[in-house]
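Asks: give me coordinates for this.
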Amino acid sequence: MILEVQIAGYGFLNAPPHLQIQLEEKRKDVARLESLLLTEESKSAIGKRKWALLIVSIISIVAFSSFIIVILITLPEKRTVYMMVDASDKMTTTLPQIRPRINLTTMSIPDGVDVGFAVFGGGFGTGGNCKDVSQLVPPSPKQDGIPLISKAVDSLIDLKPTGFGNLQYAATYALAQLAGRQGLQQILIITSSIDIRCGIPDRSEIENAASQKGISKLEIRVIAVGSVTEQEELILGKFTNNEYYILGSASELSSTIENVLKYPDFYYEHQRSTIKA
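Replies: This next block holds a predicted model:
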């Protein structure tokens, strides 16, 4: 069929000699097959052969499909976990407790996960109290990002918490760093209490901003270390689509961070408030 189309483009008389020869050979093959079909015995033989070829083809397709499925299942999901630590004045007591527990070098992190790190509050940024965010490590493959995050966390040892902890702007800032990246984008915010001095976080605005930046798969998770009021928990629920953690003490932080890094699906085994967002 392909040969006939090619030759039709030239016209048979003007077609290159090698195409004419190939077409003639194909026609002879067809003629031989037609002669074989003249007898019932040959028809039966060809029928059996066709069924055998069909069965082999089906088995090959099933085996190949199974192989592809296994490959897809075992391939790690591409995603980015962008960590943000609250260094506002509400973290005066909590920041010294959580800083040594953000140690990614001791955690089991699967392949395919990129990591980034930023701080909001603390006087790092230049945007004033409500836009005080600074990226310390850009989103990077884990083998490059983890050592840099370790150094960045160490550099916070003398940081004096100051300013406001604006969750809305922190998440908006993170989106700008995650724009154009493939796979699931997870923003992981570590704080103590919910600071609403710059306004109440609005998830719908974040979703719209993510869409504009080409981010189709976004999760925002917040780890709150310490006590949280019912109003703050309600805000957290709406802002994170109920993907938040409330830790009684900083001692639980390392395992919680590792849980987020290891598993893309949200899971939280501790009892939370029954408040629904």
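
Asks: low-confidence ranges, this protein, go.
Replies: In the predicted model of the chain, residues 1-23, 26, 29-52, 54-77, 124-128, 267-277 satisfy pLDDT under 70.

Asks: quick check: domain ranges of it?
Replies: 2-73, 79-262 (automatic domain parsing).

Asks: tell me where the stretch 51-200 of the chain has helices.
Replies: In the stretch 51-200 of the chain, the helices defined using DSSP state H, counting those that start in this stretch lie at 95-98, 142-154, 167-178.

Asks: where do the strands sit along this structure?
Replies: Using DSSP state E, the strands assigned to the chain run over residues 79-86, 113-120, 133-141, 184-191, 218-225, 244-247.

Asks: which elements pack onto the third one?
Replies: Using 3 or more Cβ pairs under 8 Å, 6 or more residues apart in numbering; DSSP states H and E as the contact criterion, the secondary-structure elements in contact with strand 133-141 are strand 79-86, strand 113-120, helix 142-154, helix 167-178. The C-beta positions use only the backbone N, C-alpha and C, and glycine is treated the same way.

Asks: got a list of contacts for the longest one?
Replies: Contacts to helix 142-154, defined as Cβ atoms under 8 Å, 6 or more residues apart in numbering, come from residues 83, 99, 102-105, 109, 111, 113-117, 136-137, 139-140.

Asks: check those residues for burial and list the buried ones.
Replies: By neighbour count, with 16 or more other Cβ atoms under 10 Å, the contacts of helix 142-154 hold 83, 99, 102-104, 109, 113-117, 136-137, 139-140 as buried.

Asks: and the residues you listed, which is closest to residue 226?
Replies: residue 99 (14.7 Å; Cβ to Cβ).

Asks: correct me, but the closest one touches residue 161?
Replies: No: taking contacts as Cβ atoms under 8 Å, residue 99 lies outside contact range of residue 161: 10.7 Å.

Asks: thought residue 256 was touching residue 248?
Replies: No: counting by Cβ under 8 Å, residue 256 sits too far from residue 248 to count as a contact (11.4 Å).

Asks: find residues that contact each of those two.
Replies: By Cβ under 8 Å, 6+ apart, no residue touches both residue 256 and residue 248.

Asks: more neighbours, those two?
Replies: residue 256 (19 against 10; other Cβ atoms under 10 Å).

Asks: related to what we said a few turns ago, could I get the strands of the chain as TSV with distance to residue 174?
Replies: Output for the strands of the chain, formatted as TSV (distance: least, Cβ to Cβ, whole Å):
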stretch	distance to residue 174
strand 79-86	5
strand 113-120	7
strand 133-141	8
strand 184-191	5
strand 218-225	9
strand 244-247	16
